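Chemist: Fold the following.
(one chain, ligands or ions: 1)
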Amino acid sequence: MKNSISRRKFVTSTLGAGTGVLIIPNISGLTNQKSDKVIKPMIITSHTNDTGRNAMEAGWEILKAGGTAVDAVEKAANIIEVDPEDTSVGYGGLPNEHGVVQLDSSFMDGKTYSAGAVACLENIKTPSSVAKLVMQRTDHVLLVGAGALEFAKAWGFREENLLTEKARKIWLRWKEELSPSDDWGVPEHLQNIRKNEAYWKDFPDIEHHYGTTNVLAIDINGDIAGCTTTSGMSFKLNGRVGDSPIIGAGLYVDNEVGAAGATGRGEDVIKSCASYYMLLKMKEGRTPQQACEDALHMIIDRYKKVNPGFYPGEKFVAINKYGELGCATMIGKSNPQMSVRTESGYSKYEGVVAYPGKP
Ligand code: ASP
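Modeler: Residues are numbered from 1 along each chain as shown. As a prediction, this is how the structure comes out:
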């Protein structure tokens, strides 16, 4: 790219003085020239519940005070990770097939081209902070399992039981219903009268099998950072690593372009290098919205040849360096959303379903 960050001329706008509104004049290097485009610090997350909103407010406080995108992203991700009610991320996340919570997370700093990640990390509530330290305090990118835990403990993280009662019961129910031919569940002679229904009354359904959060931010200097953090696919095989800690798959950030993150069935995201693909598309001049949809179509193009009816559940989010937004899911009944916090306040951005009506 022609424009390095150090050669960019950032000019503080008189509009919204003191809020860090920036104008980048005559940026070249992208095919869709956006000269004199006003950009603003911002933070987004794929989480749209109350915790996601709280996370955005906390991240925004950091950005508003002139803090870095890296710090804002970490703060926001931590808030989502420690929510015990959230069964998709950090503490309270659904466990693997053995009932053990194994967390994956990645961090990327678009300013320094640095990345860090942890996979299959057990007993640490905030894997995104460990991923950030791998990025900032080692010469490596990915630490896994026992090594990741050892590293976290060296940095003073406390080991804690991550399996909440809620997550344990969901796992136990999955275990009982997994197969009619194993010995989990009520005795065979009582199966027809379903004696155990009352026992599961608070857990009528096995909860979703996916769930992750992406947090992406642009700070007052135009620096971009991102994090993806998850407990991964629920009931996964012991040791399974998803896309979230794989740089280029679950996350990619580049100051010159923007940032992208993925949630959903990680196996497809890994094979398609989806986040990197979205960055390449944005660099070619596609908007973040188009880039998200392009990546979903690219995955379906691959599967067309082997199984034309296969539409894996993925959700992609993206931002470009001008603060434009994108969000798309492969399938679903309603349009996907993401949380956005800028100087204008909190809002939800609504994206599109790429293949509406598909199973
Ligand atoms: N992408 C995550 C994984 O495959 C799960 C999810 O986002 O739902 O581990």
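Chemist: Only C-alpha atoms from now on, for both contacts and neighbour counts.
Modeler: OK.
Chemist: Please report the distance of the residue nearest to V82 when sequence neighbours are not counted from L190.
Modeler: Nearest residue to V82, sequence neighbours excluded (C-alpha to C-alpha, 6 or more residues apart in numbering): Y91, at 5.2 Å. In this view, Y91 and L190 are 36 Å apart by C-alpha to C-alpha, to the nearest Å.
Chemist: pLDDT wise, what is the residue nearest to V82 at?
Modeler: pLDDT recorded at Y91 is 95.
Chemist: OK, contacts around the closest residue to Y210 other than its chain neighbours?
Modeler: Nearest residue to Y210, sequence neighbours excluded (C-alpha to C-alpha, 6+ apart): M233, at 5.0 Å. Neighbour list for M233: N96, H209, Y210, G211, G242, R265, G266 [criterion: C-alpha atoms under 8 Å, 6 or more residues apart in numbering].
Chemist: Point to the residue nearest the middle of the protein.
Modeler: N214 (2.4 Å; C-alpha atoms, centre = their mean).
Chemist: Now do the phi/psi pair for that residue.
Modeler: Backbone geometry at N214, expressed as degrees, to the nearest 10, gives phi -110, psi 140.
Chemist: from here on, count from 20
Modeler: Sure thing, new numbering starts at 20, so read that last one as N233.
Chemist: Enumerate every residue touching it.
Modeler: Contacts of N233 by C-alpha under 8 Å, 6+ apart are 64-66, 96, 245-248, 270, 280-282, 336.
Chemist: what pLDDT does it get?
Modeler: 98.
Chemist: and it, what are its bridge partners?
Modeler: T247 (DSSP bridges).
Chemist: and this protein, which residues reach the ligand?
Modeler: Y229, G230, T231, G251, M252, G261, D262, S263, T282, G283, R284, G285 (C-alpha under 6 Å from any ligand atom).
Chemist: pretty sure the first one contacts G285?
Modeler: The reference is to Y229. No. Using C-alpha atoms under 8 Å, Y229 is not in contact with G285; the gap is 9.0 Å.
Chemist: And for H159, the neighbour number?
Modeler: Burial of H159 is recorded as 13 neighbouring residues (other C-alpha atoms under 10 Å).
Chemist: same check, this time on G328
Modeler: 11.
Chemist: repeat for A136
Modeler: By other C-alpha under 10 Å, the residues close to A136 number 31.
Chemist: what does P199 give?
Modeler: Other residues within reach of P199, judged by other C-alpha under 10 Å, total 11.
Chemist: Kindly report the same for V359.
Modeler: V359, neighbours per other C-alpha under 10 Å, totals 27.
Chemist: so it touches T67, yeah?
Modeler: No. V359 is beyond contact range of T67, at 9.1 Å (criterion: C-alpha under 8 Å).
Chemist: follow-up on the earlier one: out of the contacts of M252, list just those in helices.
Modeler: G285 (DSSP state H).
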